[in-house]
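Trainee: Give me coordinates for this.
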Amino acid sequence: MSNKNVLVLLSGCGVFDGSEIHESVITLLALSKLGAKATVTAPNKDQAHVVDHNAGAPSEETRNVLVESARIARGPVLALNEVNVGDFDALFLPGGFGAAKNLNTFAFDGADCSIDADVEKVIQGFHAAGKPIGAICIAPTVVVRALGKGIVTIGSDPDTASAIESMGGHHMTCAVTETAIDPENKLVTAPAYMCDASLADIATGIEKAVTATVELAG
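Mentor: Presented below is the predicted three-dimensional model:
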């Protein structure tokens, strides 16, 4: 069993405008099974937009990323600008379009995306400290945008893979049940819902990614 403290960076609540809920819950469950402590964090800012998940269309609402992330965390979460990297052993980013809308702007701008300043600071801080970073689904684009390097996977989508290469990363094609591990940069990634796969297979890949991230923490 692990006694590691893992920071889980969320981007809201809901696949189309925040964190993918299945991916987030599987991540938190996998950490719990390992005996690791999960601390949920999120930036305290408005979402890029809000999507009505029933209608599949944008709505006129305004929602806060931190407030929405607290739905998944089942209570208050740590504001990202208050994170002290020294308090944690690893960082993990679930996916969902919120990662590519609220953490960076990849969903809108592709390889030319910008990144939230606090997100960039935290990712660079973990990397500089030699602490592992795990990311799944579309979230590896956030990591590569912050670091400008790294071997990652988003599965096999050619356009997203090309954009990752343009941002300085190296994309590794990977099955949904497998992970890509970059030992030099201590990065662990898995495709999750970037693949059209069953929830069971997606969970297998996420669990492997969580386990590998915790193991890299030593």
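Trainee: pLDDT below threshold where in the protein?
Mentor: Filtered on pLDDT under 70, the chain yields no residues whatsoever.
Trainee: all helices for it, in order.
Mentor: Along the chain, counting by DSSP state H, helices occupy 21-34, 65-73, 106-109, 117-128, 140-147, 158-166, 199-216.
Trainee: Check the ones you listed for me and report the most buried one.
Mentor: The highest mean neighbour count among the helices of the chain, using mean count of other C-beta atoms under 10 Å, belongs to helix 140-147: a mean of 27. (Each C-beta comes from the backbone N, C-alpha and C, glycine too.)
Trainee: which residues are contacting that helix?
Mentor: Helix 140-147 is contacted by residues 93, 99-100, 103-104, 106, 113, 115, 119-120, 123-124, 127, 133, 135, 150, 152-154, 160, 163-164, 167-169, 185, 187, 189 when judged by C-beta atoms under 8 Å, 6 or more residues apart in numbering.
Trainee: Pull the contacting residues for T39.
Mentor: Taking C-beta under 8 Å, 6+ apart, one finds 5-8, 78, 87-88 in contact with T39.
Trainee: correct me, but G148 touches M167?
Mentor: Yes - proximity of G148 to M167 meets the contact threshold set by C-beta atoms under 8 Å, at 6.7 Å.
Trainee: Which residue of these two possesses the greater neighbour count?
Mentor: Higher neighbour count among G148 and M167: M167, with 22 against 10, using other C-beta atoms under 10 Å.
Trainee: Leaving out sequence neighbours, find the closest residue to the more buried one.
Mentor: Closest residue to M167 apart from its sequence neighbours, by C-beta to C-beta, 6 or more residues apart in numbering: V144 at 4.9 Å.
Trainee: and what of A163?
Mentor: That would be A111: by C-beta to C-beta, 6+ apart, it lies 4.1 Å from A163.
Trainee: residues in contact with that neighbour?
Mentor: Applying C-beta under 8 Å, 6+ apart, we find A111 in contact with 162-164, 166-167.
Trainee: do you know how far it is from S32?
Mentor: Separation of A111 from S32 (C-beta to C-beta, to the nearest Å): 36 Å.
Trainee: Could you give the bridge partners of the most centrally placed residue in the chain?
Mentor: Among the residues of the chain, the one closest to the centroid is L93, at 2.2 Å (C-alpha atoms, centre = their mean). The bridge-partner assignment for L93, based on DSSP bridges, gives A135.
Trainee: Hmm, V77 and A70 touching each other?
Mentor: Yes - between A70 and V77 a contact is recorded at 5.1 Å, counting by C-beta under 8 Å.
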